[in-house]
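> here's a sequence, model it:
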Amino acid sequence: DPARRLETLRAAGRARMPFTTGLLVGIGETRTAREETLRSIAAIAREFGHIQEVIVQPFTPHAGTSMANATAPRLEELRDAVEMARAILPPEVTVQIPPNIAPRVVELVRAGARDLGGISPDGDRINPGERWLAAQSYAAALRPHGFILRPRLAIYERFISPYWVSSETLRAVGRVRERLPNLPLAYVPGASTAGASADV
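This next block holds a predicted model:
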């Protein structure tokens, strides 16, 4: 129910909760519907400032479901959705792609994605048949195109403050930072980046 989903995003904004949301591509929606979805997310992001990233995720057919025989979206559709997201969303909202089910990473990063989500050796529990490559593989593929893959926390830097998170969460963030001593804390001038979460 789109209305309930949008109200959830607004409720998170009122609660000052840093939030990740997304756009599922390839479930029978039109390009116009994708644009409407992104414009709705963008409006809420501007109102509350709490949306840190939007995942542009291709639908993956699964056996035993009502869409088991559906066709996954083509790269062109996914690339168009990433470009559209980047054009519509506020600049501070990052576009994310899941590289295990959207494996054309370089093309999608060049289209505007700047985050690869959580790359975990434990596998993807939602899509268990779609494992990630090692983070170094993505880094090697992106490097010739001028992008640096680097780890990040699950919460973006601009939200690490008492305004957005509780003192307990701030302490937890500090503990994670101690385990990631090389975690960049700011954008590196002159370098385009495609971040990955702290799972890397």
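> from memory Trp164 sits against Phe19, does it?
No - assessed by C-beta atoms under 8 Å, Trp164 is found out of contact with Phe19, at 10.3 Å. Any C-beta I mention is one placed from the backbone N, CA and C, and that applies to glycine too.
> mutual contacts of those two, please.
Shared contacts of Trp164 and Phe19, defined by C-beta atoms under 8 Å, 6 or more residues apart in numbering, comprise His50.
> between the two, who's got more neighbours?
Legend: neighbour count by other C-beta atoms under 10 Å for Trp164 and Phe19, higher for Phe19 (21 against 18).
> was I right about the more buried one contacting Gly49?
No - judged on C-beta under 8 Å, Phe19 makes no contact with Gly49 at a distance of 10.3 Å.
> which residues are common contacts for these two?
By C-beta under 8 Å, 6+ apart, the residues touching both Phe19 and Gly49 are Gly13.
> so where's the longest helix in the chain?
Longest helix in the chain, counting residues (DSSP state H): helix 31-48.
> neighbouring contacts of that one?
Contacts of helix 31-48 (C-beta under 8 Å, 6+ apart): 2, 6, 9-10, 12-14, 16, 21, 23, 25, 51, 54, 80-81, 84-85, 88-90, 93.
> show me those residues that map onto strands.
21, 23, 25, 51, 54 (DSSP state E).
> on that earlier part again, residues of the longest helix of the chain that come out buried?
Neighbour counts using 16 or more other C-beta atoms under 10 Å place 34, 37-38, 41-42, 44-45, 48 of helix 31-48 among the buried residues.
> now tabulate those residues in JSON lines and tack on distance to Arg110 and pLDDT.
Formatted as JSON lines, these follow (distance: C-beta to C-beta, whole Å; pLDDT from 0 to 100):
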{"residue": "Arg34", "distance to Arg110": "19", "pLDDT": "96"}
{"residue": "Thr37", "distance to Arg110": "23", "pLDDT": "96"}
{"residue": "Leu38", "distance to Arg110": "19", "pLDDT": "97"}
{"residue": "Ile41", "distance to Arg110": "22", "pLDDT": "97"}
{"residue": "Ala42", "distance to Arg110": "22", "pLDDT": "98"}
{"residue": "Ile44", "distance to Arg110": "27", "pLDDT": "98"}
{"residue": "Ala45", "distance to Arg110": "23", "pLDDT": "98"}
{"residue": "Phe48", "distance to Arg110": "30", "pLDDT": "98"}
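> nearest to Glu168, of these?
Phe48 (22.1 Å; C-beta to C-beta).
> ok, the closest one to Ala42 distance?
For Phe48, the distance to Ala42 (C-beta to C-beta, to the nearest Å) stands at 12 Å.
> cool, Arg5 as well?
Distance from Arg5 to Ala42, by C-beta to C-beta: 15 Å.
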